[in-house]
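K.L.:
Predicted model follows, preceded by the sequence.
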Amino acid sequence: MSARWVAAAVPPSVAELVRAGYPRPLADLLALRGIASAADAERYLRPRREHLAESPPLSGLVEAAGRLADAVRRHERIVVFGDYDVDGVSSSAILGASLRAGGAEVEVVLPRRDGDGYGLQAAQVRRAADSGTRLLVALDSGTNAFEAWEAARNLGLELIVVDHHLPAGGETSDHVLLVNPRAAPCAPAQAELTAAGLALALAARLLNELGREVPWEALLRVACLGTIADVAPLVGDNRAVAALGLAALSEARSPGLRALMEIAGVRHPVRASDVAFRLAPRLNAAGRLASADEALELLLTRDPSRARELAELLDRRNGERQRLEEVIVEDARGLAARDPLPGIVAAWSAAWHRGVVGVAAARLARELHRPTVLLVVEESTATGSGRSVAGLPLHDLLRPFADRMLRFGGHAQAIGLTVESERLDELRSAWQAAAEPWLDRLARRERRYDLPLAVHEVGAGLLAQLESMEPFGAGNEEPIFRLGPLRLAGTPRQFGRGHLAFEAAAETGRGALSVVAWKHAENESSWLQGRFELLAAVERDRFTGIRLRLVEARPWRDGANE
């Protein structure tokens, strides 16, 4: 589906940034991200650890840290129950290591997808109580685990829930202390914190309560993994966690992180894209295909030999995950084939791997430009995940059907669910009917870009300005530029698994730029034969110094509008 190219409208506030001395196009790009003053720009461009302490503590955070500190002093046994994705593993590593550093007796428990399913459940509460535990901390789940809440109350077990998922209702319990920025008013800078960011805040306050030094760099480098891997908006405190954590990752002394970065080909300086596309998939692969304990051990081990073993194991698991994902995407693409496509795509199979349907759904959602739900049928039930496209809140769409599901939760762009297999057809029809109002919006597909750019403007100065805006990610998207008219300079070459590289030159002849087009070698590229234009990101290249990364291309049309 071809997209209409639409230029972002630079707001009038750019004038103040220019007066403050910020050069173009940096001033334009900052204004497009809602930055209206020199003070805002300074905070954005130079995140500092002090920024994390500027907002009032989240509701329940002080009480949670105090209760944990009391448990440490009283030598109470504590169970930390996490999750099997990177956010759940990294938050568990942060809090578990901090409790141990404070002298606590703590056990970290991570569920298995194939045996435990998603989230805190009553069975885990009973298991903790049977082991003599009277204090359980749930990380990255538990906000809506009301059966587990009830089990905790009946067993006399105190429960601290540190979570960021949307609450289903206003339930409270004397035995549950909830720390969730989505469940109570909080400062705007804290609103998008993930479990890793919340665990960081809790761990820092806990260690302060215990009179211990906070190892900020060690905690931040792990917190940034969960923040970036969970595709959290990189604004407010998340931006500070990501920026400071990435800087700490570049100087990591942890044997596990060093081994993982080496095997994943991550070099200094570490960028958000390295976490998103190299480190996070390998850490996630443990919980997708086996046990997330492998990823947790890698983050915590101090043994270089064991770290290397674990990094190699996670690399192999990620390769297997990629193979399984290809099968699911190909199958689901065939099952979903309809013309026209409905407002939401839903497909299921008994042959798919439960741990991989989420990442496959995300890939299909991007490819089809449709919210996508994929489920694995296991006898009488089907369990799966859904992913949406930008601006369409999948959680809001499906929440009215929660009473027809056995389990449902998540946030705007990602959901998890379990339903009775016999209701799949009924639910798909209902979801597609509910999504019909989205069809016009989905059909008007647009590709937004930040600014037009001339070839001669692409240089070291622009690259330095762009790198000062990192880390890029959700909520702080990498700037996309429009360049053209251009002509091919030299012969394009294919490399790797379906990639394309070529040189593009302006018609004036003032230099040529290297362009890399990932996964583009098999696409229609007849536009290369004449004059063309590109939407592209500008990035540093180890070999050429600077290059364009293709987003979209089309033939140049004289006098054509967007």
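P.N.:
Done, it's in.
K.L.:
Who is residue 349 paired with across the strands?
P.N.:
Taking DSSP bridges as the rule, residue 349 bridges to residue 376.
K.L.:
Contact partners for it?
P.N.:
328, 331-332, 335, 376-377 (CB atoms under 8 Å, 6 or more residues apart in numbering). For the C-beta atoms, the positions are set from N, CA and C on the backbone; glycine is no exception.
K.L.:
Buried subset of those, written for ChimeraX?
P.N.:
To isolate the buried ones among those in ChimeraX, judged by 16 or more other CB atoms under 10 Å, type:
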select :328,331,332,376,377
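K.L.:
of the contacts of residue 349, closest to residue 115?
P.N.:
Nearest to residue 115 among those is residue 376, at 14.3 Å by CB to CB.
K.L.:
is it true that that closest one touches residue 355?
P.N.:
No: using CB atoms under 8 Å, residue 376 is not in contact with residue 355, being 9.1 Å away.
K.L.:
on that earlier part again, now flag whichever of the contacts of residue 349 is closest to residue 315.
P.N.:
Looking across the contacts of residue 349 and measuring by CB to CB, the closest to residue 315 is residue 328, at 20.6 Å.
K.L.:
so which strand or helix has that closest one?
P.N.:
helix 304-336 (DSSP states H and E).
K.L.:
now the helices: where do they sit in the stretch 251-400 of the chain?
P.N.:
With DSSP state H, counting those that start in this stretch as the definition, the stretch 251-400 of the chain shows helices at residue ranges 255-264, 272-274, 280-289, 293-300, 304-336, 357-368, 394-398.
K.L.:
residue ranges with poor pLDDT in the stretch 451-562 of the chain?
P.N.:
509-510, 521-525, 558-562 (pLDDT under 70).
K.L.:
Do a quick rundown of the helices in it.
P.N.:
With helices called from DSSP H, counting those that start in this stretch, the stretch 451-562 of the chain shows them at 460-468.
K.L.:
quick one on the thing from earlier: can you pull the buried residues of the helix holding residue 328?
P.N.:
Across helix 304-336, burial judged by 16+ other CB under 10 Å covers 307-311, 313-315, 317-318, 321, 324-325, 328-329, 331-333, 336.
K.L.:
can you check stretch 148-168 too?
P.N.:
148-153, 155, 157-166.
K.L.:
how's this protein carved up into domains?
P.N.:
52-251, 338-443, 447-555 (automatic domain parsing).
K.L.:
just checking, residue 280 touches residue 227?
P.N.:
No: Residue 280 is beyond contact range of residue 227, at 10.4 Å (criterion: CB under 8 Å).
K.L.:
Distance check, the residue nearest the centre of the chain against residue 76.
P.N.:
The centroid of the chain falls nearest to residue 231 when counting by CA atoms, centre = their mean (1.9 Å). From residue 231 across to residue 76, the span is 36 Å (CB to CB, to the nearest Å).
K.L.:
what are the ranges of the strands in the stretch 351-500 of the chain?
P.N.:
Taking DSSP state E, counting those that start in this stretch, the strands of the stretch 351-500 of the chain run over residues 372-378, 381-387, 407-411, 414-420, 446-449, 451-452, 481-495, 499-506.
K.L.:
Quick one: list the elements packing against the first one.
P.N.:
In terms of contacts (3 or more CB pairs under 8 Å, 6 or more residues apart in numbering; DSSP states H and E), strand 372-378 is packed against helix 304-336, strand 345-349, helix 357-368, strand 381-387, strand 414-420, helix 424-434.
K.L.:
Please repeat the previous calculation with a cut-off of 6 Å.
P.N.:
Counting contacts by 3 or more CB pairs under 6 Å, 6 or more residues apart in numbering; DSSP states H and E, strand 372-378 is packed against strand 345-349, helix 357-368, strand 381-387.
K.L.:
before we move on, what about the third one?
P.N.:
On a contact count with 3+ CB pairs under 6 Å, 6+ apart, strand 407-411 meets strand 414-420.
K.L.:
hmm, who's touching the helix or strand containing residue 39?
P.N.:
Following DSSP H and E, one finds residue 39 within helix 38-45. Contact with helix 38-45 is made by 20, 30, 35, 468, as judged by CB atoms under 6 Å, 6 or more residues apart in numbering.
K.L.:
For burial, what's the neighbour tally of the third one?
P.N.:
The local packing of residue 35 (other CB atoms under 10 Å) involves 23 other residues.
K.L.:
How is it classified with respect to secondary structure?
P.N.:
Secondary structure, DSSP: H, G, I helix; E, B strand; the rest coil: residue 35 is coil.
K.L.:
Could you check the pLDDT of it?
P.N.:
We have a pLDDT of 95 for residue 35.
K.L.:
now it: how far from residue 42?
P.N.:
10 Å.
K.L.:
How about the second one?
P.N.:
In this structure, residue 30 lies at 11 Å from residue 42, with CB to CB as the measure.
K.L.:
More neighbours: residue 280 and residue 227, which one.
P.N.:
residue 227 (35 against 23).
K.L.:
Confirm the more buried one sits in a helix?
P.N.:
Yes: when three-state DSSP is applied, residue 227 is found to be in a helix.
K.L.:
Next, the contact list for it, please.
P.N.:
194, 196-197, 238, 241-242.
K.L.:
Just give the number of residues close to the residue nearest to residue 302 when sequence neighbours are not counted.
P.N.:
Closest residue to residue 302 apart from its sequence neighbours, by CB to CB, 6 or more residues apart in numbering: residue 255 at 6.2 Å. Residues lying near residue 255 (other CB under 10 Å) number 20.
K.L.:
tally of neighbours for residue 378?
P.N.:
13.
K.L.:
what's around the closest residue in space to it that isn't next to it in sequence, how many residues?
P.N.:
Distances taken as CB to CB, 6+ apart place residue 350 nearest to residue 378, at 7.2 Å, with adjacent residues excluded. Residue 350: 11 surrounding residues under other CB under 10 Å.
K.L.:
these two touch, right, residue 350 and residue 377?
P.N.:
Yes: with contacts counted by CB atoms under 6 Å, residue 350 reaches residue 377, the gap being 4.3 Å.
K.L.:
just to revisit the earlier point, rebuild the helices and strands packed on strand 372-378 as TSV, extending it with mean pLDDT.
P.N.:
Converted to TSV, the helices and strands packed on strand 372-378 look like this (pLDDT from 0 to 100):
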stretch	mean pLDDT
strand 345-349	96
helix 357-368	93
strand 381-387	95
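K.L.:
From the contacts of residue 349, which shows the smallest pLDDT?
P.N.:
Within the contacts of residue 349, lowest confidence goes to residue 335 (90).
K.L.:
Grab the nearest non-local neighbour of that residue.
P.N.:
Spatial nearest neighbour of residue 335, excluding adjacent residues (CB to CB, 6+ apart): residue 347 at 4.1 Å.
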